[in-house]
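A.B. asks: curious how this folds, go ahead:
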Amino acid sequence: MTPIARLDVRPLAIPFRVTFRHAAAERAQTAAVWVEARDHAGNVGCGEGCPREYVTGESVDGALAFIARHADAVRQEAVDAGALATYAERHRAAIDANPAAWCALELAALDLFGRQSGRSVEALLRLPELAGVFRYTAVLGDSDPQIFTAQASRYRQLGFTDFKVKLSRDAARDRKRLEELAALGAARVRADANNLWRSVDEALAHLRPLAPLLFAVEEPLAAGDLAGMASVADELGVPVILDESCARAGQIAALPGPSARWIVNVRVSKMGGVGRALAAVAAARAAGIGVIVGAQVGETSVLTRAALPVAAAAGDRLEAQEGAFGTLLLARDVCDPPLMFGAGGLLDPAGVAARPGLGLEVRTPA
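C.D. replies: Here you go, the predicted structure:
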């Protein structure tokens, strides 16, 4: 492989078709960093990361600054996938604080190395090539009742049976929405509180009436309050999904109590790229903990593609997969056609499997 000659980096902001709202944020466009790794032969690899201050403490400006600090060293030292992984391990602490920034760099480099060698990202990482189909969850934000009903009905018409619902501070409203999903025939529903409550008692008061309608609840308390979330899981009799509270593989083995208490949401950008997301999946499998391969709101086809080998690696521990919304949410994608789910939430990766790099036909984003 030939060295990376240049790294081009900039913010990426694509408008949404509809505003997406939850307890921690409201978004009308993407907030991402975009990296293009180029060599002297004209090959280009593309990467994306989604910094979130309320998830990893990153901002877009901070992510751009991190990439600028590391760009020259990555170009000089990361000459192939193995050297890239070695660099990541040597700079683990810095990447822990800037995972989305590293994710964008890593993906661009891996995509470039794959295009140079004619090998897929899976082949570069010594993983099986993609096979089968991937099934995604319908995600419903904390929207107005009419919008919620219309979106839920549309998902069911498309054949979705697995749902994720963002919770509000209104318990009666939340119960009504969950009952509406049950009446529509949703087979399985989980709720995401986005760190809404500050005490176990407050969380339980809201969640107890909802628990019979849920298979899991995500991040009910302040990020990192594992003892409190363990109490919530035990009292409700449903597992707690950890997202903001679990951003590194090393945190998984230390989770308190029985493995059935926890599910880990492994989002590629949050974890710090494919390599670190795969390590988190391996740690969860070793601990007997379930995995959701999640997504940041507004991801393009690049991060959708990056999550596929992570979901495949989860195997029988995969509880659900999120993302792949493409132009159902985005006004435009970086790929045409975008990599996105179809009827029933199914995505067939045949169009990208075993192709060089990420296998995507990327247009330079506007």
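
A.B. asks: helix, strand, or coil at the most centrally placed residue in the chain?
C.D. replies: Nearest to the geometric centre of the chain sits A295, at 2.4 Å (Cα atoms, centre = their mean). In the three-state summary, A295 is assigned as coil, counting by DSSP: H, G, I helix; E, B strand; the rest coil.

A.B. asks: doesn't G228 lie inside a helix?
C.D. replies: Yes. Assignment of G228 by three-state DSSP places it within a helix.

A.B. asks: got the phi/psi numbers for the residue nearest to the centre of the chain?
C.D. replies: Its backbone dihedrals place A295 at phi -150, psi 150, with angles given as degrees, to the nearest 10.

A.B. asks: quick one: residues contacting the closest residue in space to it that isn't next to it in sequence.
C.D. replies: Ranked by Cβ to Cβ, 6 or more residues apart in numbering and with sequence neighbours excluded, the top spatial neighbour of A295 is G323, at 2.9 Å. For glycine as for every other residue, the C-beta is placed from the backbone atoms N, C-alpha and C. G323 is in contact with 136, 293-295, 299, 303-304, 307, counting by Cβ atoms under 8 Å, 6 or more residues apart in numbering.

A.B. asks: same question for G45.
C.D. replies: Taking Cβ under 8 Å, 6+ apart, we find G45 in contact with 36-38, 107-115, 357-358.

A.B. asks: where in the stretch 251-366 of the chain is pLDDT low?
C.D. replies: Confidence mapping of the stretch 251-366 of the chain against pLDDT under 70 gives the ranges 366.

A.B. asks: do the stretch 1-150 of the chain as well
C.D. replies: Residues of the stretch 1-150 of the chain that meet the criterion pLDDT under 70 lie in 20-27.

A.B. asks: switch the cut-off to 80
C.D. replies: Residues of the stretch 1-150 of the chain that meet the criterion pLDDT under 80 lie in 1-2, 18-28.

A.B. asks: am I right that G275 is in a strand?
C.D. replies: No. Secondary structure assignment (three-state DSSP) places G275 in helix, not in a strand.

A.B. asks: dihedrals phi and psi, the residue nearest to A295?
C.D. replies: Main-chain torsions, G323, degrees, to the nearest 10: phi 110, psi -160.

A.B. asks: for F134, same thing?
C.D. replies: The phi and psi values for F134, taken as degrees, to the nearest 10, are phi -120, psi 140.

A.B. asks: so how far is R305 from it?
C.D. replies: When Cβ to Cβ, to the nearest Å is the yardstick, F134 and R305 sit 11 Å from each other.

A.B. asks: and D201, by the same measure?
C.D. replies: Using Cβ to Cβ, one obtains 43 Å as the distance from D201 to R305.

A.B. asks: tell me the contacts of the residue nearest to the centre of the chain?
C.D. replies: If you count contacts by Cβ under 8 Å, 6+ apart, then A295 has 267, 303-304, 307, 322-325 around it.

A.B. asks: how many residues are close by R154?
C.D. replies: For R154, the count of nearby residues is 12 (other Cβ atoms under 10 Å).

A.B. asks: output the contacting helices and strands for the helix or strand harbouring it.
C.D. replies: Secondary structure here is read from DSSP states H and E; on that basis R154 sits in helix 145-157. Helices and strands touching helix 145-157, as assessed by 3 or more Cβ pairs under 8 Å, 6 or more residues apart in numbering; DSSP states H and E, comprise strand 138-140, helix 171-184.

A.B. asks: what's the first helix or strand after the last one?
C.D. replies: Stepping forward along the backbone from helix 171-184, the first helix or strand reached (DSSP H and E) is strand 188-192.

A.B. asks: strands paired with that following strand, and their directions?
C.D. replies: Paired strands of strand 188-192, with direction, are strand 162-166 (parallel), strand 216-218 (parallel) (DSSP bridges).

A.B. asks: would a markdown table of those with mean neighbour count and mean pLDDT be doable?
C.D. replies: Below are the strands paired with strand 188-192 laid out as a markdown table (neighbours: other Cβ atoms under 10 Å; pLDDT from 0 to 100):
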| stretch | mean neighbour count | mean pLDDT |
| --- | --- | --- |
| strand 162-166 | 23 | 96 |
| strand 216-218 | 24 | 98 |
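
A.B. asks: out of those, the one nearest G57 is which?
C.D. replies: For the strands paired with strand 188-192, proximity to G57 was assessed by Cβ to Cβ; strand 216-218 is nearest, at 19.1 Å.

A.B. asks: what are the contacting residues of that closest one?
C.D. replies: Surrounding strand 216-218, the residues in contact under the criterion Cβ under 8 Å, 6+ apart are 164, 190-194, 207, 210-211, 232, 236, 238-243, 263, 265, 319.

A.B. asks: for F134 and R305, indicate the residue with more neighbours.
C.D. replies: More crowded of F134 and R305, by other Cβ under 10 Å: R305, with 27 against 21.

A.B. asks: please report phi then psi for that one.
C.D. replies: Here the main-chain torsion angles of R305 (degrees, to the nearest 10) amount to phi -60, psi -40.

A.B. asks: my guess is it meets L358, correct?
C.D. replies: Yes. Contact status for R305 versus L358: in contact at 4.8 Å, counting by Cβ atoms under 8 Å.

A.B. asks: find residues that contact each of the two.
C.D. replies: Counting by Cβ under 8 Å, 6+ apart, the shared contacts of R305 and L358 are V352.

A.B. asks: and the contacts of G323 as TSV, adding distance to K176?
C.D. replies: Rendered in TSV, the data for the contacts of G323 read as follows (distance: Cβ to Cβ, whole Å):
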residue	distance to K176
Y136	25
V293	30
G294	26
A295	27
E299	30
L303	33
T304	32
A307	32
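
A.B. asks: that concludes my questions; thank you for your assistance.
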